[in-house]
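Chemist: Give me a 3D structure for the following:
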Amino acid sequence: IEERLKHIISHSLGKISDFDGYKKFEGVSNAEDFKKLMRRDPAFAPFCLDREKYVVARIGGNLITSIHRKLGDLYEEILLELLNDKYGFSKEYLKFSLDIVIDGKEQKRTTDGRLILSDIENKELKDKVANLVIDGYDGLAMEVRSCYQIGDSKRIQADDHMATALKALNIEPKLVILCNTSLVSPVKRLSKNWTVYQGEDSFEYIKNLTDFDLYQFLLDNKTLIEPLMDDVF
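Modeler: Next comes the predicted model:
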């Protein structure tokens, strides 16, 4: 399992290193080109935005968004791998899909891992999951985020509807946010409908669910991760 997780890390971080923040600007391939573009732009030129800090903030901001998205994908893949290894369910089973209606339009949403008590044959594993599920629910389903930094009302509404749809199926919705620095407002709103874990509590929850100390594993593999992130930056 550890080798499979290392592969997920290498593959995901390798995708981030392919990021090119300049490619969507025609004829721009580096910071100096971007500064020249700002000097020619009638909206920005009068405000002296052809400077290094502006380039770093604007292009670097896109890189940070890419990093957060890929880390979110990385954590989703890792959790699926851990659940598959521990419980034996296929990833197709774990990534449970359901249709929800938002503003009159039907959308298909997929969970990042679901476990239904009646489907778990091993008593020890069933008891493990039961101890993590609120009494009365038939199982749990998860949405995994590296960090909730989106204030988009439509995205929040979709996540809220997802929780409602899961509850209608008597499945406890669990929002697993790995960071401690999410936006307060959306998390506060979603916590009314989701069971929310954040930061250290999220890693502890994953450990209790899978018997795998993911946080320690990541720390132990810093020699793998750090050079990949050096390449990104």
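Chemist: who touches the lowest-mean-pLDDT helix or strand in the chain?
Modeler: In the chain, no helix or strand scores lower on mean pLDDT, DSSP states H and E than strand 97-102, which sits at a mean of 82. Contact with strand 97-102 is made by 106-111, 154, 157-158, 161-162, 164-166, 169, as judged by C-beta atoms under 8 Å, 6 or more residues apart in numbering. The C-beta positions use only the backbone N, C-alpha and C, and glycine is treated the same way.
Chemist: Just the CA trace of it, in CSV.
Modeler: The C-alpha trace of strand 97-102 is given here as CSV (Å, rounded to 0.1, in the frame of the first residue of the first chain):
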residue,chain,number,x,y,z
SER,A,97,-22.8,8.5,-7.7
LEU,A,98,-26.2,10.2,-7.1
ASP,A,99,-28.3,12.7,-9.0
ILE,A,100,-29.2,16.0,-7.2
VAL,A,101,-31.3,18.8,-8.5
ILE,A,102,-30.0,22.4,-8.1
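Chemist: Now do the buried residues in the next helix or strand after it.
Modeler: The element immediately downstream of strand 97-102 (helix or strand, assigned by DSSP states H and E) is strand 105-110. Neighbour counts over strand 105-110 (16 or more other C-beta atoms under 10 Å) mark Arg109 as buried.
Chemist: Mind giving me the packing neighbours of strand 105-110?
Modeler: strand 97-102, helix 153-168 (3 or more C-beta pairs under 8 Å, 6 or more residues apart in numbering; DSSP states H and E).
Chemist: Run the angle between it and helix 153-168 for me.
Modeler: Inter-element angle recorded for strand 105-110 and helix 153-168: 70 degrees (by axes from the mean of the first three to the mean of the last three C-alpha atoms, to 10 degrees).
Chemist: which residues make contact with strand 105-110 from outside it?
Modeler: 95-101, 158, 162, 165.
Chemist: quick one: low-confidence parts of the protein?
Modeler: Across the chain, the ranges flagged by pLDDT under 70 are 151-152.
Chemist: hey, where'd the helices end up in it?
Modeler: Counting by DSSP state H, the chain has helices at residues 2-17, 31-40, 52-87, 91-94, 123-130, 153-168, 184-190, 200-210, 214-220, 222-232.
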